[in-house]
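Participant: I need the structure of the sequence given here:
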Amino acid sequence: MQTIQMSLWVIGLLVALALLFDFMNGFHDAANSIATVVSTGVLKPHHAVAMAAMCNVVAIFIFHLKVAATVGTGTIDVAIVDHYVIFGALVGAIAWNVITWFYGIPSSSSHALIGGLVGAAVAKAGTGALVGGGLLKIVAFILISPLLGFLLGSVMMVIVSWTFFRTPPSRVDRWFRRLQLVSASLYSLGHGGNDAQKTIGIIWMLLIASGHVVAGGEPPMWVIVSCYVAIGLGTLFGGWRIVRTMGQKITKLKPVGGFCAETGGALTLFIASALGVPVSTTHTITGAIVGVGSAQKMSAVRWGVAGNIVWAWVLTIPASAFMSAIAWWVGRHIL
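Facilitator: Okay, the predicted model is just below:
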């Protein structure tokens, strides 16, 4: 790969922009980690975000950097990466996150970033710059992750319902209020482990392109730590506009349902991270919540709300790609 000459201020600017995206990722996706535990009344919002933020950071000790490697080398041809491509990708992803946050739409920060990379790469070098195998795997998991979340969430709900069929509802509620603290923590670990690595991957890509890191090596420790801390801080400040949509508008949840949704979602994220696939935590928890609701009865799910969310999923990659292509063109004239 040819080393691209970049001034230190440009590299610093892009690293700061990447960490801003990471912070916004945590801010935007905070609802995914805390919506169920807040909407069921198990934790107050400020306690929930503090717990989720801590778990986001603790994930640094649990997950390998497989997702970061996929983002850094498995989406676009690293040979065409320069500061304009990184700038376009980040600005496009941030712009889409701001729009969806403002309107309270639980879209995917992960796919906004992937769309941003695709749009900037195509704007510079055409479709030949795309890594088909990696992108196909990511696109496939747009369907697989919510379906797996749906399956695991609904199966968990059925198992719990049969297991505690003769137990008084008040006792079940009391037990699962405690267990939901565990499931919410696991989901937040999965969220941090998958999502923080996406920003690690893009900064890693930038440092390789600028010659500060050898291709095939490991990202510097300061990159890993700063990305996990940034997403944890973002979660701490929380994306409150989306909490109500995720926690109550799709289906009404009780602690037992919240536990099943979070556990199903957490298992999905752990599997995806082990496979090195950058998935959407939004897609995953939405699928799990719908699975829990439909396991009780199909009418318990507000399918119109779920349908609107799916439309946001479909639009995220092309919309962020379009914005990043424009940002790439603007970056060519200002950087």
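Participant: Just checking the distance from the helix or strand hosting residue 333 to the centre of its chain.
Facilitator: Per DSSP states H and E, residue 333 falls inside helix 303-334. Relative to the chain's own centre, helix 303-334 is displaced by 15 Å; criterion: Cα atoms, centre = their mean, to the nearest Å.
Participant: Would you map the helices across this structure?
Facilitator: 8-39, 45-58, 66-73, 83-102, 109-125, 132-163, 169-209, 221-237, 240-244, 255-275, 281-296, 303-334 (DSSP state H).
Participant: circling back: now the helix holding residue 333 against helix 281-296, angle please.
Facilitator: If you take axes from the mean of the first three to the mean of the last three Cα atoms, to 10 degrees, helix 303-334 sits at 180 degrees to helix 281-296.
Participant: For the helices of the chain, give me TSV that also has mean neighbour count and distance to residue 215.
Facilitator: Every C-beta, even on glycine, is put in place using the N, C-alpha and C of the backbone. Conversion of those to TSV gives the following (neighbours: other Cβ atoms under 10 Å; distance: least, Cβ to Cβ, whole Å):
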stretch	mean neighbour count	distance to residue 215
helix 8-39	24	17
helix 45-58	20	28
helix 66-73	23	8
helix 83-102	24	16
helix 109-125	27	17
helix 132-163	18	16
helix 169-209	23	5
helix 221-237	21	15
helix 240-244	19	38
helix 255-275	26	23
helix 281-296	28	29
helix 303-334	18	23
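Participant: Where among those is average confidence lowest?
Facilitator: Comparing mean pLDDT over the helices of the chain, the weakest stretch is helix 240-244, at a mean of 51.
Participant: Can you tell me what sits against stretch 161-171?
Facilitator: With Cβ atoms under 8 Å, 6 or more residues apart in numbering as the test, stretch 161-171 has contacts from 172, 256, 295.
Participant: Surely the first one and residue 256 touch.
Facilitator: This points to residue 172. Yes: here residue 172 lies in contact with residue 256, judged by Cβ atoms under 8 Å, at a distance of 6.0 Å.
Participant: Would you list the phi and psi of residue 279?
Facilitator: Listed backbone geometry of residue 279 is phi -110, psi 170, with angles given as degrees, to the nearest 10.
Participant: One more: residue 214?
Facilitator: Residue 214 adopts backbone torsions of phi -80, psi 130, taken as degrees, to the nearest 10.
Participant: State the distance from it to residue 204.
Facilitator: 11 Å (Cβ to Cβ, to the nearest Å).
Participant: next one: residue 195
Facilitator: Distance check for residue 195 against residue 204: by Cβ to Cβ, it reads 15 Å.
Participant: Over to residue 74?
Facilitator: Taken as Cβ to Cβ, the span from residue 74 to residue 204 is 12 Å.
Participant: what's the answer for residue 33, then?
Facilitator: When residue 33 is compared with residue 204 (using Cβ to Cβ), they lie 25 Å apart.
Participant: Ok, residue 217 next?
Facilitator: In this structure, residue 217 lies at 9 Å from residue 204, with Cβ to Cβ as the measure.
Participant: go on, residue 30?
Facilitator: According to Cβ to Cβ, residue 30 stands 25 Å off from residue 204.
Participant: same question, residue 311
Facilitator: 33 Å.
Participant: what's the answer for residue 99, then?
Facilitator: The spacing between residue 99 and residue 204, counted by Cβ to Cβ, is 27 Å.
Participant: same check, this time on residue 37
Facilitator: 33 Å.
Participant: Over to residue 148?
Facilitator: Residue 148 sits at a distance of 27 Å from residue 204 (criterion: Cβ to Cβ).
Participant: and if you look at residue 224?
Facilitator: Distance, residue 224 to residue 204, using Cβ to Cβ: 9 Å.
Participant: List the contacts of residue 191.
Facilitator: By Cβ under 8 Å, 6+ apart, the contact list for residue 191 reads 29, 32, 33, 52, 55, 56, 59, 235, 269, 281.
Participant: ditto for residue 271
Facilitator: residue 148.
Participant: Spatially nearest residue to residue 25 (excluding sequence neighbours)?
Facilitator: Once its chain neighbours are removed from consideration, residue 25 has its nearest residue in residue 109; the separation is 4.1 Å (Cβ to Cβ, 6 or more residues apart in numbering).
Participant: Give me the distance between that neighbour and residue 334.
Facilitator: Computed as Cβ to Cβ, the residue 109 to residue 334 distance reads 25 Å.
Participant: One more: residue 316?
Facilitator: Spatial separation of residue 316 from residue 334 under the definition Cβ to Cβ is 26 Å.
Participant: Settle this for me: residue 190 is touching residue 273, isn't it.
Facilitator: Yes: between residue 190 and residue 273 a contact is recorded at 6.8 Å, counting by Cβ under 8 Å.
Participant: Next up, the contacts around residue 75.
Facilitator: Under the criterion of Cβ under 8 Å, 6+ apart, the neighbours of residue 75 are 114, 117, 118, 130, 131, 134, 135, 138.
Participant: again but with residue 76, I slipped
Facilitator: Contact partners of residue 76, counting by Cβ under 8 Å, 6+ apart, are 85, 117, 118, 121, 129, 130, 131.
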